[in-house]
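Participant: Turn this into a model:
(one chain, ligands or ions: 2)
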Amino acid sequence: MAMDGRTLLCGICATLAAGFLGECAAEGDRRAAHRPNVLFIAIDDQNDWVGPLAGHPLVKTPQMDRLAARGTTFLNAHVQSPLCNPSRTSLMLGLRPTTTGIYGLSPWFRALPRWRDRVTLPQHFKAHGYRTLTAGKIYHAGVGGPAERAAEFDVWGPPGGVGVKPENKLIPPTPMGDHPLMDWGVFPHRDEEKQDFKVASWAVEQLRTLPEEQPFFLAVGFFLPHVPCYATQGWFDLYPDDDRVLPPIREDDRDDTPRFSWYLHWHLPEPRLRWLRENDQWRNLVRSYLACTSFVDAQVGRLLDALEASSLADRTVVVLWSDQGWHLGEKGITGKNTLWERSTRVPLIFAGPGVRAGQRCARPAELLDIYPTLIELCGLTARDDLEGVSLVPQLRDAEAQRRRPAITSHNQGNHGVRSERWRYIRYADGSEELYDLREDPREWTNRAGDPELAACIEEHRRWLPRIDLPPAPGSAHRILTYDRDTDEAVWEGTPVRRGDPIPE
Ligand SMILES: [Ca+2]
Ligand SMILES: [Ca+2]
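Facilitator: Ligands and ions are numbered 1, 2, ... in the order given. So this is what the prediction gives:
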């Protein structure tokens, strides 16, 4: 790759960090005034049950529909990890989980010497003269004290979270620990008491008052529809109180998935489908999730209103994404931590300058691509140490070619490879799945054993990550390791043997 002096300077900056950031910032100040702003909207655990992805026939998300009409929707966008911390770390660093070694809810990446000085997406914008702001859930956990926070973003708004909640859980005690977050239902309160409402209010105020002469990178992270899914009756009334809301499932769906597929979510607080049915909670959970999705959609709408009211829309790139999906009974489970479509397929919508309006792109896309895409859309110095590729060709023409599939990893050795038509999964013990999404969009029939598809499997295997690190030091929470020599899997420190019953 050819490098001019400035590229080289910022290339060094990207790897060596803080001391050089100031020089880059000075360079950036001179050119920054003409660059577009960025409104970066994250939603937590939002699967493809949004209007633009049509993942649920009854879902109501008029504001995301409105954003999609203004921009380009990726219909085949996938996360790099089906879990908050590794997914967000991957996006913000521009590196796969298999490269960071971060697969669990811990560690925070700055705790690792290797990534302590890594320049994140917002830091790269700051180095080019942007004012960077954040509210709600962008990183998974607390970043640290004032100095640590100031290093990540210039301005910090309200933190993420659920906000007001009932005194006691609304649903019966859930298996595997009765986790406090495992709760949902109608709960009387005012929308203004929800943390996502407060986060949106703060962001709206920034959009009204930010100085014109400096471009901004404003990150807004919504917590819902992450559990607990509380909403008022009005949001529930958007959805019928009958079984039309339930997703189609097959009772025997797991009969043709490898036993190892259970190991990825072996013992977790998210209830299985069996518990939902036995406790008459399936429909209540699905309606709660849909109600919270519509509530978050309305908060997105408040941001879009503010953008248009301040005449910023033509000068602001908007990107909306979710850090992973959620199962609501499909394949016998709720929650994430799988390599199937329900966990990996998420909204990814771009709008604003450089983005063609009204497009729907079927090419595979990765959240990892957001970093290089925003760099190109905003005219920042390119970096050669990012593992994603820019989506700008598809933002200009949805039919533009892309060879690379979307890859999701959940702990070392377990990968999903999603091409335009197929999903190939390979687990650490060598077991495999293959789905033809064109003929079987719900991934009901595993065709990995079909000899006629051997070449198809071989083609997808070529894309398995070449770097596939073990968990980084300090890894915890939802960590799975596997030893090929002994055929022993270890889930969160406890061995799982072939004959062990699957936890319910
Ligand atoms: Ca999440
Ligand atoms: Ca099946």
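Participant: Chain neighbours aside, what residue packs nearest to Glu488?
Facilitator: Pro495 (5.5 Å; C-beta to C-beta, 6 or more residues apart in numbering). Any C-beta I mention is one placed from the backbone N, CA and C, and that applies to glycine too.
Participant: can you tell me the average pLDDT over the helix or strand where the one you found lies?
Facilitator: Using DSSP states H and E, Pro495 sits within strand 494-496. Mean pLDDT, strand 494-496: 96.
Participant: In it, which residues are buried?
Facilitator: By 16 or more other C-beta atoms under 10 Å, the buried positions in strand 494-496 come out as Val496.
Participant: and for it, what are the contacting residues?
Facilitator: Under the contact criterion C-beta atoms under 8 Å, 6 or more residues apart in numbering, strand 494-496 has outside partners 263, 266-267, 488-490.
Participant: Equivalent analysis for stretch 245-259, please.
Facilitator: The contact list for stretch 245-259, computed with C-beta under 8 Å, 6+ apart, reads 56, 58, 239, 261-262, 273, 282-283, 286-287, 290, 328-332, 427, 429, 431-433, 442, 444-446, 498.
Participant: For Val291, which three-state class applies?
Facilitator: For residue 291 the amino acid is Ala, not Val. Judged by DSSP: H, G, I helix; E, B strand; the rest coil, the three-state class of Ala291 is helix.
Participant: Next up, the contacts around it.
Facilitator: By C-beta under 8 Å, 6+ apart, the contact list for Ala291 reads 229, 231, 235-236, 238-239.
Participant: Just the residues you listed: which are in helices?
Facilitator: Those of those mapping onto helices are 235-236, per DSSP state H.
Participant: Would you mind naming the helix or strand containing the residue in the stretch 101-250 of the chain positioned nearest to ligand 2?
Facilitator: In the stretch 101-250 of the chain, the residue that lies nearest ligand 2 is Arg250 (6.3 Å; C-beta to the ion). For Arg250, there is no helix or strand it lies in under DSSP H and E.
Participant: neighbours around it, how many?
Facilitator: Number of residues near Arg250 (other C-beta atoms under 10 Å) recorded here: 14.
Participant: chain center to stretch 272-289, what's the gap?
Facilitator: Centroid separation between stretch 272-289 and its chain, computed with C-alpha atoms, centre = their mean, to the nearest Å, is 24 Å.
Participant: average pLDDT for that stretch?
Facilitator: For stretch 272-289, the per-residue pLDDT averages 98.
Participant: Can you give the contact residues for that stretch?
Facilitator: 49, 171-172, 174-175, 184-185, 225, 229-231, 236, 239, 241-243, 245-247, 249, 271, 326, 328-329, 332-334, 504.
Participant: Report the buried members of these.
Facilitator: Buried among the contacts of stretch 272-289 by 16+ other C-beta under 10 Å: 49, 171, 174-175, 184-185, 225, 229-231, 236, 239, 245, 247, 249, 271, 326, 328-329, 332-334.
Participant: can you tell me how far Ala313 sits from ligand 1?
Facilitator: Distance of Ala313 to ligand 1, computed by C-beta to the ion, to the nearest Å: 28 Å.
Participant: now swap in Asp483 and tell me
Facilitator: Counting by C-beta to the ion - Asp483 and ligand 1 are separated by 29 Å.
Participant: Could you list everything that residue pairs with in the sheet?
Facilitator: Glu488 (DSSP bridges).
Participant: Give me the local confidence score for it.
Facilitator: The score at Asp483 is 96. That number is its pLDDT.
Participant: One more: Asp196?
Facilitator: 98.
Participant: contacting residues for the residue of the stretch 301-450 of the chain found nearest ligand 1?
Facilitator: Proximity of the stretch 301-450 of the chain to ligand 1 (C-beta to the ion) peaks at Asp323, 4.1 Å away. Residues near Asp323 by C-beta under 8 Å, 6+ apart: 42-45, 79, 84, 87-88, 91, 346, 367.
Participant: out of the contacts of strand 494-496, who has the most neighbours?
Facilitator: Result: Ala489 is most packed of the contacts of strand 494-496 (other C-beta under 10 Å), 25 neighbours.
Participant: so how far is His34 from it?
Facilitator: According to C-beta to C-beta, to the nearest Å, Ala489 stands 54 Å off from His34.
Participant: Point out the ones among the contacts of Asp323 that are inside helices.
Facilitator: Counting by DSSP H, the contacts of Asp323 contribute 84, 87-88, 91 to helices.
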